[in-house]
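> here are the coordinates; sequence isn't available:
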């Protein structure tokens with residue numbers, strides 16, 4: 001902020017004050033000098049008047065009524081003192097005068113100083129002469145004995161006797177006072193300019209500090225209080241800079257934590273308005289920070305159960321926690337607690353999204369249930385066969401042989417299930433050893449086709465392979481990917497009615513970073529839309545399409561095997577029209593990042 005106009009106004013006011021003080025001082029000195037000069041002239045006039053009033057020659061001439069002698073005496077005295085001398089009779093009539101032209105026959109008649117001299121022994125008056133316009137001191141003394149004076153001798157001494165010297169002295173004093181005032185004004189302006197510059201630097205430094213610019217520092221200048229001010233300001237700004245940087249670091253850390261934490265966090269005012277909301281909380285509450293800030297917490301959450309947790313905390317003053325089912329497989333734990341106090345009192349709301357945890361718990365329960373269900377049937381069959389053999393079937397060798405064959409089938413089923421579970425566990429835990437090597441797509445697809453060709457022929461299905469010769473090599477574990485192809489082809493054969501067709505195709509899609517995409521298309525019963533998201537789960541079977549035999553682990557193993565190679569697997573299906581399973585493989589040209597499926601179920 002520029003304060004120069006104000007600075008100059010103050011400087012002019014101060015200069016005017018100094019000049020006014022100088023003028024008052026000059027007038028006071030002039031008054032004192034005039035008073036001193038008046039007193040000096042008066043003392044001189046008194047001395048002269050006393051000497052002349054008691055002069056024997058004047059007394060003798062007056063007693064002899066020698067007017068000429070008296071006239072000669074007053075004329076001589078007037079010339080000697082440069083003043084007018086007049087003699088008056090006791091009745092106030094002019095008797096003699098040094099300047100008849102000026103005084104006239106009636107001059108002095110009734111003058112106050114003449115009467116004072118006759119009554120009090122001395123008369124004094126200061127008046128402006130009507131003729132010359134100058135100030136004149138009139139001093140009157142009686143002549144002769146005080147009891148019966150012969151008359152009154154009056155001196156009229158103009159002040160211009162010392163006027164020239166007084167004016168010169170006044171001019172000298174006035175010049176000195178003016179010079180001193182100008183020097184004082186100059187020094188004042190210099191000091192004020194220096195102090196104003198120091199204050200301006202301090203002000204600019206504080207303004208920069210307010211704008212978070214801490215690079216500028218004030219150098220100590222001047223002396224005394226201004227030097228202390230600049231030093232204190234430097235220390236203050238340094239302290240504020242350190243404090244500001246510390247707060248900025250803490251704020252960055254807090255923002256980083258709030259931004260990247262998976263838990264939702266809201267800070268509410270004491271009245272329940274949202275002061276802060278992090279992205280996780282906005283996502284859980286299906287809103288945005290812009291829409292939530294400064295609004296009521298009840299308006300933001302749109303769920304009375306979450307609002308009730310805050311209201312309970314508000315009423316009880318202690319931390320409140322509750323787990324709430326928001327529907328659509330969404331679960332959230334709400335924790336509300338007081339924080340800080342005083343004017344900054346408010347509430348901290350923590351929202352923990354438990355949906356994934358609940359889903360994992362459900363998967364675990366389903367897994368245990370599915371394993372139990374899958375093992376129950378072969379175990380029940382084995383128990384029944386054992387009971388049958390124990391009840392006498394051992395005595396019938398053909399029947400016993402048949403029962404033992406059935407038991408062997410059930411044991412093989414359980415052995416296959418256990419092996420697939422172990423393999424799935426190894427794949428999911430990342431412990432599956434992969435022997436990667438460049439190979440052709442034909443070496444992956446053809447062995448699976450040859451293995452299942454007879455099964456497809458018995459089912460009355462047309463099996464077609466479309467593999468262009470120019471396909472690039474893929475970097476995979478050939479045996480593992482052959483098992484993936486066998487699982488997908490086996491499902492396609494099992495769920496495609498007689499007369500249908502199965503097509504295996506491979507293409508390179510540039511949009512997928514050079515990934516090679518293999519697809520298995522069938523014209524079977526298809527998969528209901530509600531089952532598509534869960535088709536790759538362990539033991540998951542649809543009511544119709546997966547109601548046949550099998551452990552329900554084939555697609556789960558295929559999913560994790562493809563993902564272990566850095567690929568993606570998904571399915572597109574329309575119920576009653578068939579399904580298309582896709583998976584990607586990394587080529588020698590590029591490694592395949594996880595690729596989003598265009599639609600349908602993904603894994």
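Done, it's in. None of these values were measured; they are calculated from a predicted model.

> pLDDT on stretch 157-175, on average?
In this model, stretch 157-175 has a mean pLDDT of 73.

> OK, contacts around residue 157?
41, 44, 45, 81, 82, 83, 84, 136, 137, 139 (Cβ atoms under 8 Å, 6 or more residues apart in numbering). No exception for glycine: its C-beta is placed from N, CA and C like everyone else's.

> filter those down to the buried ones, ChimeraX style.
In ChimeraX, this line selects whichever of the contacts of residue 157 come out buried by 16 or more other Cβ atoms under 10 Å:
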select :41,44,45,81,83,84,136,137,139
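
> can you tell me which of the contacts of residue 157 is nearest residue 206?
Set against residue 206, the nearest of the contacts of residue 157 by Cβ to Cβ is residue 41 (65.3 Å).

> you'd agree the closest one is up against residue 137?
Yes. Counting by Cβ atoms under 8 Å, residue 41 touches residue 137, with 5.7 Å between them.

> counting neighbours, what do you get for residue 265?
Neighbour count of residue 265, defined by other Cβ atoms under 10 Å: 18.

> tell me how far stretch 496-516 lies from the chain's centre.
Counting by Cα atoms, centre = their mean, to the nearest Å, stretch 496-516 is centred 57 Å from the centre of its parent chain.

> would you map the helices across the stretch 451-600 of the chain?
478-494, 554-564 (DSSP state H, counting those that start in this stretch).

> can you add distance to residue 195 and mean pLDDT and give the ones you listed back as JSON lines?
Listed next are the helices of the stretch 451-600 of the chain as JSON lines, based on distance: least, Cβ to Cβ, whole Å; pLDDT from 0 to 100:
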{"stretch": "helix 478-494", "distance to residue 195": "86", "mean pLDDT": "88"}
{"stretch": "helix 554-564", "distance to residue 195": "76", "mean pLDDT": "83"}
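
> quick one: closest of the ones you listed to residue 61.
The nearest among those, by Cβ to Cβ, is helix 554-564 at 153.2 Å.

> looks to me like residue 351 is in a helix.
No. Assigned with DSSP: H, G, I helix; E, B strand; the rest coil, residue 351 falls outside any helix and is strand.

> pretty sure it contacts residue 336?
No. With contact defined as Cβ under 8 Å, residue 351 and residue 336 do not form a contacting pair (9.9 Å).

> need the overlap of contacts for residue 41 and residue 137.
Joint contacts of residue 41 and residue 137 (Cβ under 8 Å, 6+ apart) are 157, 159.

> going by neighbour count, list what's buried in stretch 189-208.
189, 192, 195, 196, 198, 199, 200, 201, 202, 205.

> would you list the residues you listed in JSON lines and tack on secondary structure and pLDDT?
Converted to JSON lines, those look like this (DSSP: H, G, I helix; E, B strand; the rest coil; pLDDT from 0 to 100):
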{"residue": "189", "secondary structure": "helix", "pLDDT": "79"}
{"residue": "192", "secondary structure": "helix", "pLDDT": "74"}
{"residue": "195", "secondary structure": "helix", "pLDDT": "72"}
{"residue": "196", "secondary structure": "helix", "pLDDT": "72"}
{"residue": "198", "secondary structure": "helix", "pLDDT": "72"}
{"residue": "199", "secondary structure": "helix", "pLDDT": "74"}
{"residue": "200", "secondary structure": "helix", "pLDDT": "74"}
{"residue": "201", "secondary structure": "helix", "pLDDT": "73"}
{"residue": "202", "secondary structure": "helix", "pLDDT": "74"}
{"residue": "205", "secondary structure": "helix", "pLDDT": "72"}
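
> now, which of these sits nearest residue 556?
Closest to residue 556, out of all of the buried residues of stretch 189-208 and judged by Cβ to Cβ, is residue 205, at 68.6 Å.

> now do the closest one against residue 197, distance only.
13 Å (Cβ to Cβ, to the nearest Å).

> what do the two both touch?
Contacts common to residue 205 and residue 197, judged by Cβ under 8 Å, 6+ apart, are absent.

> how about low-confidence regions in the stretch 51-200 of the chain?
Counting by pLDDT under 70, the stretch 51-200 of the chain contains low-confidence ranges at 100-110, 146, 160-165.

> the stretch 351-500 of the chain too?
Ranges of the stretch 351-500 of the chain meeting pLDDT under 70: 363-364, 366-374, 416-417, 419-432.

> ranges for the strands of it?
437-439, 462-466, 474-476 (DSSP state E, counting those that start in this stretch).

> tell me how far the residue nearest to residue 128 when sequence neighbours are not counted lies from residue 37.
Leaving out its chain neighbours, the residue that sits closest to residue 128 by Cβ to Cβ, 6 or more residues apart in numbering is residue 135, at 5.6 Å. With the distance defined as Cβ to Cβ, residue 135 ends up 11 Å from residue 37.

> hey, what's in contact with both of the two?
Joint contacts of residue 135 and residue 37 (Cβ under 8 Å, 6+ apart) are residue 159.

> pull the contacting residues for residue 489.
Taking Cβ under 8 Å, 6+ apart, one finds 448, 449, 452, 456, 502, 504, 520 in contact with residue 489.

> the first one: how many residues sit nearby?
So that's residue 448. 21.

> from residue 524, how far off is it?
Residue 448 is 18 Å from residue 524, by Cβ to Cβ.

> and the helix or strand containing residue 191, what other elements does it pack with?
Here residue 191 sits within helix 163-210, counting by DSSP states H and E. Applying 3 or more Cβ pairs under 8 Å, 6 or more residues apart in numbering; DSSP states H and E, we find helix 163-210 packed against helix 4-53, helix 225-260.

> that one vs helix 225-260, what angle?
20 degrees (axes from the mean of the first three to the mean of the last three Cα atoms, to 10 degrees).

> helix 163-210 to helix 4-53, inter-axis angle?
Using the same axes, to 10 degrees: helix 163-210 against helix 4-53 is 160 degrees.

> how far away from the center of its chain is helix 163-210?
44 Å.

> over to stretch 279-298?
Using Cα atoms, centre = their mean, the offset of stretch 279-298 from its chain centre is 22 Å.

> give me the buried positions along that stretch.
Here stretch 279-298 shows 280, 281, 282, 284, 285, 287, 292, 297 as buried, counting by 16+ other Cβ under 10 Å.

> and if you look at stretch 517-531?
Within stretch 517-531, the residues that count as buried by 16+ other Cβ under 10 Å are 517-528, 531.

> stretch 39-53 too?
41, 44, 45, 48, 49, 52, 53.

> quick check, nearest of those to residue 399?
residue 41 (169.9 Å).

> any idea how far residue 358 is from the closest one?
Residue 41 is 120 Å from residue 358, by Cβ to Cβ.

> same question, residue 475
Counting by Cβ to Cβ - residue 475 and residue 358 are separated by 39 Å.
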